[in-house]
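Asker: With the sequence up front, the predicted model follows.
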Amino acid sequence: MREDFDARWHELAEEVMSGMKEWRLQHPRATLKEIEQALDERLGRMRVRLLQDAALASAAAEIGAGEERPVCPQCGKELVARGRDVRELTTQHDGVLRLERSYGVCPQCGEGFFPPG
Ligand SMILES: [Zn+2]
């Protein structure tokens, strides 16, 4: 997993830098503000990808993988794992993060939850 990250993250950073260089060559008269915007766009995309990868590596993403099982926020019962599902989160700068997470159901209230983290 660590090596996957190295290769993937390297590629992402590379994309930002070469994309930025390309953009700058095509916009020789860009103002500082325009340059900043172009950079923020690229960094924003990279940010979402990094966040997604890093979040997926979290042990908290797996119900039953850690020592402590997540509990129902309403009654405190331990959640029962119910397979995996995709959770969509909106991040800062309006990026959409899609995480595949194990999904838990409370045996008492029947509510389904994604564990936090
Ligand atoms: Zn409950």
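Answerer: Perfect, I can see it now.
Asker: Relative to the whole chain's centre, how far out is the helix or strand harbouring residue 21?
Answerer: Residue 21 is part of helix 2-26 when elements are defined by DSSP states H and E. Centroid displacement of helix 2-26 relative to its chain, using CA atoms, centre = their mean, to the nearest Å, is 18 Å.
Asker: May I have the phi/psi pair for the most centrally placed residue in the chain?
Answerer: Centroid-nearest residue in the chain, with CA atoms, centre = their mean: residue 52, separated by 2.2 Å. Torsion angles at residue 52 (phi, psi; degrees, to the nearest 10) stand at phi -60, psi -50.
Asker: which secondary structure elements does the helix holding residue 21 contact?
Answerer: Helices and strands touching helix 2-26, by 3 or more CB pairs under 8 Å, 6 or more residues apart in numbering; DSSP states H and E, are helix 32-56. For glycine as for every other residue, the C-beta is placed from the backbone atoms N, C-alpha and C.
Asker: returning to what we had before: mind listing residues that contact the helix holding residue 21?
Answerer: Identification of contacts with helix 2-26 by CB atoms under 8 Å, 6 or more residues apart in numbering yields 30, 35, 38-39, 42-43, 45-46, 49-50, 53, 57.
Asker: picking that back up, okay but the residue nearest to the centre of the chain is in contact with residue 98, surely?
Answerer: Yes: between residue 52 and residue 98 there is a contact at 7.1 Å, judged by CB atoms under 8 Å.
Asker: hang on, the earlier thing: closest to residue 110 among the contacts of helix 2-26?
Answerer: Closest approach to residue 110 among these (CB to CB): residue 57, at 30.7 Å.
Asker: Spit out the contact partners of residue 37.
Answerer: Residue 37 touches nothing, counting by CB under 8 Å, 6+ apart.
Asker: Sweet, I'm off.
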